[in-house]
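Novice: Sequence and predicted structure, then a few things I'm wondering about:
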Amino acid sequence: MVTRIEKIEHGKKVQTAERGTDGCYHCYPEGQTMSKYMTRFSNLDEAAKFLIDNQRGRIRMNPDWSLIVDNIHIDGRPRESF
């Protein structure tokens, strides 16, 4: 069970995946930023699977509700290691 998805730079957590106002995690395929391409996930397990299966996929993180593609870590491990 996945407990956290974070952006880590230089060993420090700088952003964290959080649910949107709709209660879901928002993920996007590689190269897409428009909401019509967004996939909503109700839990971190599903969002993590998407990010592992789509190595250049993106997820919204706070602060600033940014769309993140690089330096994504799942439970402390780089997604590329899965």
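Specialist: Here it is on my side, so go on. Residues are numbered from 1 along each chain as shown.
Novice: Name the residue most distant from the centre of this structure?
Specialist: residue 10 (18.2 Å; Cα atoms, centre = their mean).
Novice: So the residue most central in space within the chain: helix, strand or coil?
Specialist: In the chain, the C-alpha closest to the average C-alpha coordinate belongs to residue 59, at a distance of 3.4 Å (Cα atoms, centre = their mean). Here residue 59 is recorded as strand under DSSP: H, G, I helix; E, B strand; the rest coil.
Novice: hang on, isn't it packed against residue 68?
Specialist: Yes - between residue 59 and residue 68 there is a contact under Cβ atoms under 8 Å: 5.8 Å. The way it works is simple: take the backbone N, C-alpha and C, and place the C-beta from them, glycine included.
Novice: follow-up on the earlier one: give the contact list for the residue nearest to the centre of the chain.
Specialist: Taking Cβ atoms under 8 Å, 6 or more residues apart in numbering, we find residue 59 in contact with 5, 17, 25-28, 47, 51, 67-68, 72.
Novice: swap the cut-off to 10 Å and go again
Specialist: 5, 7, 15, 17-18, 25-28, 39, 41, 44, 47-48, 50-51, 66-69, 72, 79 (Cβ atoms under 10 Å, 6 or more residues apart in numbering).
Novice: Next, show the common contact partners of residue 59 and residue 68.
Specialist: With Cβ under 10 Å, 6+ apart as the test, residue 59 and residue 68 both reach 5, 7, 15, 17, 51.
Novice: Residue 48 falls within a helix, correct?
Specialist: Yes - counting by three-state DSSP, residue 48 is part of a helix.
Novice: That one is in contact with residue 54, isn't it?
Specialist: No - counting by Cβ atoms under 10 Å, residue 48 sits too far from residue 54 to count as a contact (11.1 Å).
Novice: could you pull out the strands for this protein?
Specialist: 5-9, 12-17, 25-28, 39-41, 58-62, 66-68, 72-74, 77-78 (DSSP state E).
Novice: can you give me how far the fourth one is from the chain middle?
Specialist: Computed by Cα atoms, centre = their mean, to the nearest Å, the separation of strand 39-41 from the middle of its chain amounts to 11 Å.
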